[in-house]
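Novice: Structural data only, the sequence is not supplied:
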């Protein structure tokens with residue numbers, strides 16, 4: 001009997017012990033799993049980061065969201081800016097010179113009687129664009145030059161293109177399949193093609209026109225109004241070059257000057273209502289011999305039409321000071337002639353190697369700030385900052 005009882009107890013132990021071991025193992029397994037679960041991060045909401053208008057991270061490009069701003073809008077252009085604040089690394093100098101380049105005629109090929117200094121070929125112009133791009137120049141409008149609203153990438157140099165006389169080689173329209181298009185064999189056509197490869201170079205410039213030549217302005221297809229509208233739609237500007245391409249030293253009265261300028265403005269508004277010339281290119285680069293007549297070049301009226309030129313452009317022969325400089329004179333702004341068939345002293349080819357980074361305007365990328373080395377801070381006219389922040393380093 002005792003043997004049977006002992007045998008039953010032994011059999012029960014054989015069953016109970018494995019069960020207890022299984023329970024212990026299961027408990028240990030659950031504890032380990034719980035510990036691991038504590039190390040697994042739970043999903044959380046990701047904060048939406050709104051980029052600031054002037055990112056502080058060096059060389060950061062803020063790409064625009066196409067759904068948030070229309071194409072080619074001011075907001076779109078501002079978002080594309082490359083702004084840097086590591087000034088010691090690339091040394092911005094927004095007190096430096098800005099080259100304003102003057103062009104006249106463009107043709108396909110030179111001929112024996114081609115003007116030596118004021119004509120260039122389309123091929124040479126295309127090569128010049130590449131040279132300027134490689135040298136770090138980027139185009140700005142005349143309006144932005146006046147306001148010193150420099151929206152070019154940090155480390156690059158602003159430049160203004162100006163075109164005198166409204167010649168068809170500068171810009172004209174052709175008709176294809178019933179549609180008006182920019183002639184690819186024009187300066188604007190060459191710039192548009194170049195802009196496809198290098199959109200950051202800019203598609204800007206101002207064309208100074210003489211309304212007395214009428215439909216011969218940018219002679220080609222379309223009406224004169226259509227040509228003006230097409231230029232403006234591309235982002236270009238129009239300025240005054242006087243009625244009759246006058247020689248101001250030959251004019252002896254305020255009335256004569258006001259007629260040459262007011263009439264040009266009057267006829268422009270007849271072609272395109274609302275068109276206001278705010279910049280004048282002096283024909284031949286000459287002002288009246290009598291200095292008392294100079295104010296009439298800037299502001300006046302004729303036949304009830306008023307005009308006001310915020311910049312009066314000379315013919316040569318230096319880079320200009322920026323508009324926030326103490327040395328800037330908006331009533332006589334220097335320009336540099338583009339090289340013609342024959343290079344001459346003080347043309348653009350002559351100037352390029354002399355326009356060193358030490359001399360030129362080097363942008364910080366932010367149009368709302370003026371950044372200069374401490375040693376150049378005295379060159380800035382703080383009264384002209386118009387709300388911009390002056391930063392020295």
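Specialist: Arrived safely, thanks for sending. Since the structure is predicted, the reported quantities are computational estimates derived from the model, not experimental observations.

Novice: ok, so what distance separates the nearest residue to residue 227 once chain neighbours are set aside from residue 189?
Specialist: Distances taken as Cβ to Cβ, 6 or more residues apart in numbering place residue 218 nearest to residue 227, at 4.7 Å, with adjacent residues excluded. To be clear about C-beta, it is placed using only N, CA and C from the backbone, and glycine gets the same treatment. Applying Cβ to Cβ, to the nearest Å, one obtains 12 Å for the distance of residue 218 from residue 189.

Novice: which neighbours do those two share?
Specialist: The contact sets of residue 218 and residue 189 overlap at residue 171 (Cβ atoms under 8 Å, 6 or more residues apart in numbering).

Novice: Comparing these two, which residue is more hemmed in?
Specialist: Neighbour totals were compared for residue 218 and residue 189, and residue 218 leads with 26 against 19 (other Cβ atoms under 10 Å).

Novice: Let me know the pLDDT of the more buried one.
Specialist: pLDDT, residue 218: 98.

Novice: tell me the secondary structure for it?
Specialist: Of the three states, residue 218 takes coil under DSSP: H, G, I helix; E, B strand; the rest coil.

Novice: Quick check on it: phi, psi?
Specialist: The phi and psi values for residue 218, taken as degrees, to the nearest 10, are phi 50, psi 50.

Novice: try residue 97
Specialist: With angles defined as degrees, to the nearest 10, residue 97 sits at phi -70, psi 150.

Novice: quick one: it from residue 332, how far?
Specialist: Going from residue 97 to residue 332 by Cβ to Cβ gives 15 Å.

Novice: So for those two, which sits in the more crowded spot?
Specialist: residue 97 (19 against 15).

Novice: any idea how far the more buried one lies from residue 343?
Specialist: Noted for residue 97: a distance of 21 Å to residue 343, by Cβ to Cβ.

Novice: what's the answer for residue 167, then?
Specialist: Where residue 343 is concerned, residue 167 sits at a distance of 21 Å (Cβ to Cβ).

Novice: Between those two, tell me which one has more neighbours.
Specialist: Neighbours were counted for residue 167 and for residue 343 using other Cβ under 10 Å; residue 167 has more, 24 against 12.

Novice: and the closest residue to that one other than its chain neighbours, what does it touch?
Specialist: Leaving aside its chain neighbours, residue 167 sits nearest to residue 105 (5.4 Å; criterion: Cβ to Cβ, 6+ apart). With contact set as Cβ under 8 Å, 6+ apart, residue 105 has these partners: 115, 118, 119, 120, 165, 167, 169, 170.

Novice: wouldn't residue 298 be in contact with residue 288 here?
Specialist: No - checked against Cβ atoms under 8 Å, the pair residue 298 and residue 288 is beyond contact range at 11.9 Å.

Novice: So which of these two has more stuff around it?
Specialist: Neighbour count, other Cβ under 10 Å: between residue 298 and residue 288, residue 288 has more, with 20 against 16.

Novice: Can you tell me the element the more buried one falls in?
Specialist: Counting by DSSP states H and E, no helix or strand carries residue 288.

Novice: contacting residues for the residue lying closest to it once chain neighbours are set aside?
Specialist: With Cβ to Cβ, 6+ apart as the criterion, residue 288 has its nearest non-adjacent residue at 4.7 Å, and that residue is residue 248. Residues counted as contacts of residue 248 (Cβ under 8 Å, 6+ apart) are 257, 260, 282, 283, 286, 287, 288, 293, 297.

Novice: Would you mind listing which of the residues you listed are buried?
Specialist: The neighbour-count test (16 or more other Cβ atoms under 10 Å) marks 257, 260, 282, 283, 287, 288, 293, 297 as buried among those.

Novice: ok, the fourth one - contacts?
Specialist: Contacts for residue 283 were tallied using Cβ under 8 Å, 6+ apart; they are 241, 242, 245, 246, 247, 248.

Novice: And for residue 300?
Specialist: Listed by Cβ under 8 Å, 6+ apart, the contact set of residue 300 reads 254, 257, 258, 261, 262, 306, 307.

Novice: Was I right to think the fourth one contacts residue 295?
Specialist: No - with contact defined as Cβ under 8 Å, residue 261 and residue 295 do not form a contacting pair (11.9 Å).

Novice: The two - which one has more neighbours?
Specialist: Using other Cβ under 10 Å as the criterion, residue 261 and residue 295 rank with residue 261 on top: 29 against 12.

Novice: Determine the three-state secondary structure at the more buried one.
Specialist: Using three-state DSSP, the structure places residue 261 in helix.

Novice: now the one 5 residues further on
Specialist: At residue 266, secondary structure determined by three-state DSSP is helix.

Novice: Could you give the bridge partners of the nearest residue to it once chain neighbours are set aside?
Specialist: Leaving out its chain neighbours, the residue that sits closest to residue 266 by Cβ to Cβ, 6+ apart is residue 305, at 4.2 Å. Counting by DSSP bridges, residue 305 is bridged to residue 302.

Novice: what's the burial count for residue 305?
Specialist: By other Cβ under 10 Å, 18 other residues sit near residue 305.

Novice: now the stretch 1-150 of the chain, which segments are flagged as low pLDDT?
Specialist: Applying pLDDT under 70 to the stretch 1-150 of the chain flags residues 1-80.

Novice: one step back: can you pick the most crowded of the contacts of residue 300?
Specialist: Sorting the contacts of residue 300 by how many neighbours each has (other Cβ under 10 Å) puts residue 261 first, at 29 neighbours.
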